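Peer 1: fold the following for me, if possible:
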Amino acid sequence: MLDILHYEFIQNAIIAGLLVSIASGIIGSLIVVNRMVFLAGGIAHTSYGGIGLAVYFGLPIFLGASVFAVGAALLMAIITLNQRDKIDTFIGLIWAVGMAIGIIFVDLTPGYNVDLMSYLFGSILAVSNDDITYMSILLIAIIIIVTLFYREILAVSYDSEYANLRGINVKFFYTLILILSALTVVIAIKVVGLILVIALLTIPIYIAEKVSTSLGTMMFVSGVLSSVFTLVGLWFSYQFDLTSGASIILVSAFGLTLFLFTTKVLTK
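Peer 2: Just a heads-up that it's a prediction; the model follows:
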């Protein structure tokens, strides 16, 4: 079975899975404690517009999706900070418009028949060295930013009013969290696809939240759980010729079910 590790595409898939898992563990924790799950879902689907633009203009997929996702994150930050009562409508709007733009530009691309499934459900086995470089840079940036501004991010995440009284720029850090979430969503799309990305950003985090006493511990446990679920899911997808993204999420769901069952039994 270890023979498969000699293939470069498997090596790339494992490295990409670990990089995305660690990033998802960190940013997913922030998404959950800030109650941004629906926002992250909107960003994920809106980023498809960037994929379509990248395909049409011959740009790197990650570049197009990242720019589009960050733009969506900035718009969402403005709306949620000033008009919270309209956020559901706004997210639904840019969700639909973003995907529509992506589909239209793919249709307009001459002689290009894009495999929509690879973006909807992930294509971790097709990760390139350039993709890994992008993921590595983003993960390093996330770790540096969260480490440098941990106290400010912690304060904004749990009590924004208190953070504001302490002189912390709540709008800036809230927007920063959304931008990091957008970029993490983009790289996670390569692993599990935009339809399943929210599951990767929430299932391990839910388990970690129940066994952690601090945000830092939650991030660490989430990263470890995400890595385990991703590697096991990748093994299943290769062994049984299944879609990698769906396999990773089903393994994660099984892990969550097992955790809930064990917790219920132990508390009786």
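Peer 1: residue 162 sits in which helix or strand?
Peer 2: According to DSSP states H and E, residue 162 maps onto helix 160-165.
Peer 1: list of residues touching that helix?
Peer 2: 152, 155-156, 170, 173-174 (C-beta atoms under 8 Å, 6 or more residues apart in numbering). C-beta: built from backbone N, CA, C; applies to glycine.
Peer 1: let me see the ranges of the strands in the stretch 1-150 of the chain.
Peer 2: Here the stretch 1-150 of the chain has no strands by DSSP state E, counting those that start in this stretch.
Peer 1: which regions of it lie under the pLDDT threshold?
Peer 2: Along the stretch 1-150 of the chain, the parts satisfying pLDDT under 70 run over 1-4, 82-86, 112-117.
Peer 1: the spatially most central residue of the chain - nearest residue in space that isn't next to it in sequence?
Peer 2: Geometric centre of the chain, nearest residue: residue 185, 3.1 Å, by C-alpha atoms, centre = their mean. Nearest in space to residue 185, with sequence neighbours left out and distances taken as C-beta to C-beta, 6 or more residues apart in numbering, is residue 44 at 4.7 Å.
Peer 1: residue 74 too?
Peer 2: residue 175 (6.8 Å).
Peer 1: how far away is the one you found from residue 58?
Peer 2: Residue 175 is 31 Å from residue 58, where distance means C-beta to C-beta, to the nearest Å.
Peer 1: of the two, who's got more company?
Peer 2: More neighbours surround residue 175 than the other of residue 175 and residue 58, with 18 against 9 (other C-beta atoms under 10 Å).
Peer 1: ok so, going back, in terms of contact, does the residue nearest to residue 74 touch residue 79 like I think?
Peer 2: No - Residue 175 sits out of contact with residue 79 when judged by C-beta atoms under 8 Å, with a separation of 11.5 Å.
Peer 1: hang on, isn't the residue nearest to the centre of the chain packed against residue 66?
Peer 2: No - at 9.6 Å, residue 185 does not count as touching residue 66 under the criterion of C-beta under 8 Å.
Peer 1: what's the overlap in contacts for the two?
Peer 2: residue 47.
Peer 1: count of neighbours near the spatially closest residue to residue 108 that is not a sequence neighbour?
Peer 2: Leaving aside its sequence neighbours, residue 108 sits nearest to residue 56 (C-beta to C-beta, 6+ apart; 6.1 Å). By the measure other C-beta under 10 Å, the count of residues near residue 56 is 18.
Peer 1: and the nearest residue to residue 48 once chain neighbours are set aside, how far from residue 154?
Peer 2: Nearest residue to residue 48, sequence neighbours excluded (C-beta to C-beta, 6+ apart): residue 102, at 3.7 Å. Per C-beta to C-beta, residue 102 is found 35 Å from residue 154.
Peer 1: so the two - more neighbours on which side?
Peer 2: Of the pair residue 102 and residue 154, residue 102 is the one with more neighbours under other C-beta under 10 Å, namely 29 against 18.
Peer 1: could you measure from the more buried one over to residue 229?
Peer 2: Here residue 102 is placed at a distance of 28 Å from residue 229 (C-beta to C-beta).
Peer 1: next one: residue 167
Peer 2: Residue 167 is 40 Å from residue 229, by C-beta to C-beta.
Peer 1: cool, and residue 260?
Peer 2: Distance of residue 260 to residue 229, given as C-beta to C-beta: 15 Å.
Peer 1: so which of the two has more stuff around it?
Peer 2: Looking at residue 260 and residue 229 with other C-beta under 10 Å, you find the greater number of neighbours at residue 229, namely 27 against 13.
Peer 1: that one contacts residue 256, correct?
Peer 2: No - judged on C-beta under 8 Å, residue 229 makes no contact with residue 256 at a distance of 9.3 Å.
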